[in-house]
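Engineer: Prediction below, plus the sequence it came from.
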Amino acid sequence: MLVLLARTTAKCIRVSDLMGTANCNRTAKDDMMSNAQNRNEERFNDTESGNCEDPTERTPSRTSSLISSSSGSSSNNRYSNRKLLLVYVFAVTISIVNFVYSFQISDVEVKDTLKTTSAAAANSATGTLFTNDVIRTFPGPRGLVRSDEQFPPIAKITQECKRWGVVTTIFDPTDAIARVANLPSWCLVIVPDTKTPHGYMDKLAKLQQNNLKSSFRKMNEDATDDGDDDDNDATDDEARAENIVSSLDNVFYFSIEMQQEWEDIEGPFGSFVRSIPWKHFCRKNLGYLIAILHGAKFIFDFDDDNFIKLDNDGTPMEILPEGEDMAQMKLDDVTVVMQGPNAFNHHPIMGASIEDSWARGFPLALILDKHTQGKFAYIADLPFAANNKEIGVIQFLADGNPDIDAIHRISKPLPMTYPLEKANSVLVPAHAYSPYNAQATIHTKNAFWAMLLPSTVPGRVSDIWRSYFAQCIFADAGLQLIFSPPKIVQERNEHNYLGDFNAEQDLYDKSGKLIEHLSQWDSDHDTVPERMLELWIDMYERGYIEIDDVYAVQMWLGALAQVGYEFPPLKRRHRNVAVMGQFNYADKPSIVRDVIYWTQKNRERFDTVVAAGPFSRRQMKKFEDNSIIA
């Protein structure tokens with residue numbers, strides 16, 4: 001057995017084996033059986049397996065002849081085996097000496113190699129982590145695409161409207177789409193893809209008629225009997241439904257043919273349209289342009305499986321407060337949250353029915369960190385625009401099968417709900433990042449530039465990356481993010497959880513590092529378009545998106561300028577400036593809370609905020625847990 005072990009080792013050994021990376025899987029038992037079956041016709045399987053080298057290829061010819069004569073002897077096995085052992089030991093020794101001599105490996109180099117190999121082995125056992133390092137350089141131009149008088153204005157193709165819903169779909173019409181079409185004072189653009197069923201608008205009209213008939217029938221049943229004939233009521237209901245549907249000109253179906261015509265428009269606008277791939281979630285980007293071109297001040301970005309809830313009278317709930325424009329509108333009873341960390345998990349404070357819940361795109365490493373869940377500070381009415389700030393995004397939560405990742409769906413029960421009655425919207429702290437989606441979200445006009453969906457990542461990643469990239473610039477533009485109670489029910493289209501899991505890998509691997517990086521990111525540019533382009537180039541160079549998205553954002557910004565969109569100005573923030581607050585009465589019961597809130601407010605204006613005072617070790621630990629510099 002000793003001889004056969006030595007022989008197997010001699011056949012499989014190489015210098016990399018000595019460094020701890022041997023891959024040969026042959027065992028002494030395998031070799032023993034091989035010898036017993038056919039000792040005279042022994043062969044190496046190195047070429048096929050890729051694991052072992054033939055030492056005879058690296059040794060003098062005399063060694064080969066000795067091996068041959070030794071293996072051919074059958075009269076004295078013990079003598080032959082001892083001879084084989086000596087020969088193979090000699091062959092391996094010569095091979096190692098030749099290798100070391102030819103490459104002149106020093107002691108230091110061998111130790112370094114061993115160290116590197118050991119680290120690699122450890123990584124192969126535990127897995128590698130995303131590092132956020134720069135891995136490449138953007139090779140193209142880094143400037144904005146010019147869009148001025150040299151390009152003709154873009155012709156309008158439908159009516160103007162201040163409030164637009166935007167959806168892309170590959171399915172037949174759903175009630176989710178029909179309800180948005182029924183919202184008073186709203187228009188709707190539907191962006192089909194190549195897989196969208198034919199006859200879409202006819203099917204939508206039929207769905208609308210059936211819904212209206214059901215609604216009128218229910219109203220008649222609930223009303224006091226006035227003695228009219230039931231048949232006449234039914235006839236009247238049908239006529240009313242057909243008449244209302246026939247007048248629904250607030251829905252614009254942006255057909256495949258019209259999308260292709262847009263590709264021929266001169267300038268960055270046409271270039272952007274051509275850059276958007278078919279059979280991808282990001283075809284929605286064209287819908288955003290339709291809305292912006294046709295006078296939008298609010299865009300409701302939604303999916304065809306997210307249904308606006310119905311009021312008691314059977315009509316869709318209003319998703320915006322009263323008022324014609326931002327100056328007249330406000331959200332009542334908004335919860336102002338305070339927290340230290342840069343990542344904010346809004347699910348707990350909004351009353352998710354499932355414990356330890358989190359939204360798709362929230363860093364997995366932080367889902368159990370209570371400090372990322374925020375604390376109640378106070379309740380206040382929040383104007384849509386006031387004091388150099390305005391609401392940029394409102395994300396509605398959804399009951400039923402909401403926007404959570406595959407790990408959440410696999411590991412926790414459904415359905416999941418949130419309180420609606422007497423529930424408050426939540427204002428996300430300006431320094432914190434929280435993922436919002438493209439399933440039930442309102443963007444206001446000054447945040448339209450941030451609606452671009454990346455196309456080089458899966459759809460399960462695209463809208464989350466969009467949200468994080470946008471929030472990096474929101475604070476500098478005076479824009480705020482709001483999460484609102486669930487006026488939405490999601491009846492999710494059929495998905496494969498493992499397929500979603502694969503598509504969401506970037507979220508699991510990179511979102512934590514992304515938030516860390518964006519929290520420190522800065523730019524010397526003094527306009528939103530320049531900062532957005534610089535940020536997306538940085539995201540490409542660090543491996544979050546691919547190069548086509550950088551070209552797309554250049555075209556997107558040019559297209560916005562070509563349709564006459566006015567970017568919001570940047571607000572003044574004090575970068576590379578530290579502000580220090582002295583707290584002399586550190587024995588106050590509320591001191592920790594006071595410091596957290598004071599720090600949060602000042603981080604809206606200053607890059608670095610430091611709290612000083614005669615703090616106890618216990619207080620210092622709480623500050624550390626809340627990412628407070630003290």
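Structural biologist: Perfect, thanks for sending it. What you are looking at is a predicted structure, and each value in this text was computed from that prediction instead of being measured.

Engineer: quick one, phi/psi of Pro139?
Structural biologist: As for Pro139, its main-chain torsions (degrees, to the nearest 10) stand at phi -90, psi -10.

Engineer: correct me, but Pro429 touches Asn342?
Structural biologist: No: counting by C-beta atoms under 8 Å, Pro429 stays clear of Asn342, with 9.1 Å between them. All C-beta atoms are positioned from the backbone trio N, CA, C, and that covers glycine.

Engineer: Those two: who's more crowded?
Structural biologist: Pro429 (25 against 18; other C-beta atoms under 10 Å).

Engineer: nearest residue to the more buried one other than its sequence neighbours?
Structural biologist: In space, and not counting its chain neighbours, Pro429 is closest to Gln600: 5.3 Å by C-beta to C-beta, 6 or more residues apart in numbering.

Engineer: C-terminal to the host helix or strand of the one you found, what's the next element?
Structural biologist: According to DSSP states H and E, Gln600 maps onto helix 591-602. Next in sequence after helix 591-602, counting helices and strands by DSSP H and E, comes strand 606-612.

Engineer: Show the secondary-structure elements that the following helix or strand past that next one is packed against.
Structural biologist: Note on strand 606-612: by DSSP H and E, the next helix or strand toward the C-terminus is helix 617-625. Packed against helix 617-625, as judged by 3 or more C-beta pairs under 8 Å, 6 or more residues apart in numbering; DSSP states H and E, are the following elements: helix 591-602.

Engineer: ok, now how distant is Gln209 from Pro184?
Structural biologist: Noted for Gln209: a distance of 19 Å to Pro184, by C-beta to C-beta, to the nearest Å.

Engineer: buried stuff in stretch 251-261?
Structural biologist: Val251, Phe252, Phe254, Gln259 (16 or more other C-beta atoms under 10 Å).

Engineer: Can you mark which positions in the helix holding Gln600 are buried?
Structural biologist: Ile591, Val592, Asp594, Val595, Ile596, Tyr597, Trp598, Thr599, Gln600, Lys601, Asn602.

Engineer: Next, the angle from it to strand 606-612.
Structural biologist: If you take axes from the mean of the first three to the mean of the last three C-alpha atoms, to 10 degrees, helix 591-602 sits at 160 degrees to strand 606-612.

Engineer: wait, what's in contact with Trp521?
Structural biologist: Cys472, Leu535, Asp538 (C-beta atoms under 8 Å, 6 or more residues apart in numbering).

Engineer: hmm, 7 Å instead?
Structural biologist: Cys472, Leu535 (C-beta atoms under 7 Å, 6 or more residues apart in numbering).

Engineer: Let's see the pLDDT reported for it.
Structural biologist: pLDDT recorded at Trp521 is 95.

Engineer: now Gln150
Structural biologist: In this model, Gln150 carries a pLDDT of 76.

Engineer: which element is it on?
Structural biologist: Going by DSSP H and E, Gln150 is not in any helix or strand.

Engineer: what's the distance between it and Ala377?
Structural biologist: Here Gln150 is placed at a distance of 51 Å from Ala377 (C-beta to C-beta).

Engineer: of these two, who's got more company?
Structural biologist: Neighbours were counted for Gln150 and for Ala377 using other C-beta under 10 Å; Ala377 has more, 18 against 8.

Engineer: wait, is the more buried one part of a helix?
Structural biologist: No: counting by DSSP: H, G, I helix; E, B strand; the rest coil, Ala377 falls outside a helix, being strand.

Engineer: Can you pull out the low-pLDDT segments for this protein?
Structural biologist: 1-125, 147-149, 215-247, 572-585, 605, 607 (pLDDT under 70).

Engineer: count of neighbours near the residue lying closest to Pro383 once chain neighbours are set aside?
Structural biologist: Among residues not flanking Pro383 along the chain, Lys330 sits closest, at 4.6 Å (C-beta to C-beta, 6+ apart). With neighbours defined by other C-beta under 10 Å, the count for Lys330 comes to 18.

Engineer: got the buried residues of helix 591-602 as a markdown table, with distance to Asn626 columns?
Structural biologist: As requested, those are exported to a markdown table (distance: C-beta to C-beta, whole Å):
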| residue | distance to Asn626 |
| --- | --- |
| Ile591 | 13 |
| Val592 | 8 |
| Asp594 | 12 |
| Val595 | 9 |
| Ile596 | 6 |
| Tyr597 | 11 |
| Trp598 | 12 |
| Thr599 | 8 |
| Gln600 | 10 |
| Lys601 | 14 |
| Asn602 | 14 |
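
Engineer: Tell me the one among those residues nearest to Gly143.
Structural biologist: Asn602 (34.6 Å; C-beta to C-beta).

Engineer: Is it correct that that closest one is in contact with Val610?
Structural biologist: No: taking contacts as C-beta atoms under 7 Å, Asn602 lies outside contact range of Val610: 9.6 Å.

Engineer: Next one: Ser425 from Ala475, what distance?
Structural biologist: 19 Å.

Engineer: ugh, wrong one, I meant Ile379
Structural biologist: 22 Å.

Engineer: now swap in His198 and tell me
Structural biologist: 46 Å.

Engineer: Over to Phe567?
Structural biologist: In this view, Phe567 and Ala475 are 16 Å apart by C-beta to C-beta.

Engineer: Pick out whichever of those two has more residues nearby.
Structural biologist: Neighbour count, other C-beta under 10 Å: between Phe567 and Ala475, Ala475 has more, with 21 against 17.

Engineer: how about that one, what does it touch?
Structural biologist: Residues in contact with Ala475, defined by C-beta under 7 Å, 6+ apart, are Ala430, Glu604.

Engineer: Now with 10 Å, please.
Structural biologist: Lys389, Pro429, Ala430, His431, Ala432, Leu481, Leu570, Lys571, Arg573, Arg603, Glu604, Arg605 (C-beta atoms under 10 Å, 6 or more residues apart in numbering).
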